[in-house]
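> Sequence first, predicted coordinates after that:
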Amino acid sequence: MNFEIVLATNNKHKLQEVRSFLSPHKIVVYGLNDLNLKVEDVEENASTYQGNALIKAQAVAKLTSFPVIADDSGLEIEALDNIPGLKSARFASSLGGHDNAIKEILKRLEDKNNRKARFICDIVLVNDGDKPLLFEGIAEGEITKERDGNGGFGYDPIFYSYDAKKRFSELSEEEKNRVSHRGKALYKLLTYLRITHQSIK
Ligand code: IMP
């Protein structure tokens with residue numbers, strides 16, 4: 001029997017990345033839309049990624065009996081005091097989208113030598129009354145001088161991954177999952193689920 005889990009997101013790209021990682025292991029991943037789950041607007045106002053992921057996971061766990069995972073992620077740029085960080089999504093929406101946010105970041109980095117950056121992803125698993133569990137992944141890299149590549153989403157066109165030696169936007173979904181912050185966090189989640197559920201290969 002397949003193991004079923006809900007990903008607390010409406011972001012199609014995230015859902016696709018998580019599905020492509022977990023489905024080969026007989027894990028069916030539902031997005032909120034698949035189950036018609038309507039989550040009231042929850043304010044992601046925690047001061048950490050894990051705090052925000054927990055807020056999202058708990059809001060969805062109230063609506064379903066399936067185990068729920070939620071992720072919170074962000075891009076931290078060293079020379080810019082680690083912005084946009086926790087506010088990566090808000091930074092983009094406040095500028096009218098990721099294209100403008102990318103332009104803004106490239107502008108702010110024009111005179112900087114240090115272009116080091118990292119993506120962080122915290123995934124929280126909430127299952128029944130069990131204690132919530134945290135799985136974290138970090139992808140190290142740097143911000144390129146210009147955008148390129150058509151894959152991925154968000155800030156991918158300007159993030160050069162040290163592991164892949166390419167921009168995230170130049171990787172297939174499978175390649176990105178092998179090196180990305182989300183892929184690394186998912187690998188830890190999968191390892192845990194394999195130990196606790198024998199149906200998972
Ligand atoms: P969240 O949905 O609150 O986790 O917001 C994450 C935000 O961080 C997204 O809207 C993107 O701006 C950015 N982000 C997170 N993961 C990625 C990724 O894998 N590639 C590019 N941008 C990402």
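That came through fine.

> Which secondary structure state does the closest residue to Tyr30 other than its chain neighbours sit in?
Nearest in space to Tyr30, with sequence neighbours left out and distances taken as C-beta to C-beta, 6 or more residues apart in numbering, is Val6 at 4.9 Å. The C-beta positions use only the backbone N, C-alpha and C, and glycine is treated the same way. Under DSSP: H, G, I helix; E, B strand; the rest coil, Val6 falls in the strand class.

> what about Val6, how many residues close to it?
Using other C-beta atoms under 10 Å, Val6 has 25 neighbouring residues.

> For it, give the beta-bridge partners.
Tyr30, Val68 (DSSP bridges).

> Touching, it and Thr64? I think so.
Yes: using C-beta atoms under 8 Å, Val6 makes contact with Thr64 at a distance of 5.6 Å.

> Overlap in contacts, those two.
35, 37 (C-beta atoms under 8 Å, 6 or more residues apart in numbering).

> Could you pull out the buried residues of the longest helix along the chain?
Assignment by DSSP state H gives helix 181-196 as the longest helix of the chain. Under the neighbour-count criterion of 16 or more other C-beta atoms under 10 Å, helix 181-196 has 181-186, 189-190, 193 buried.

> mind listing what the closest residue to the ligand within the chain touches?
Minimum separation of the chain from the ligand (C-beta to the nearest ligand atom) falls at Gly154, amounting to 2.4 Å. Gly154 makes contacts with 13, 75, 88, 92, 98, as judged by C-beta under 8 Å, 6+ apart.

> Just the buried ones from these?
Neighbour counting with 16+ other C-beta under 10 Å marks 75, 88, 92, 98 as buried within those.
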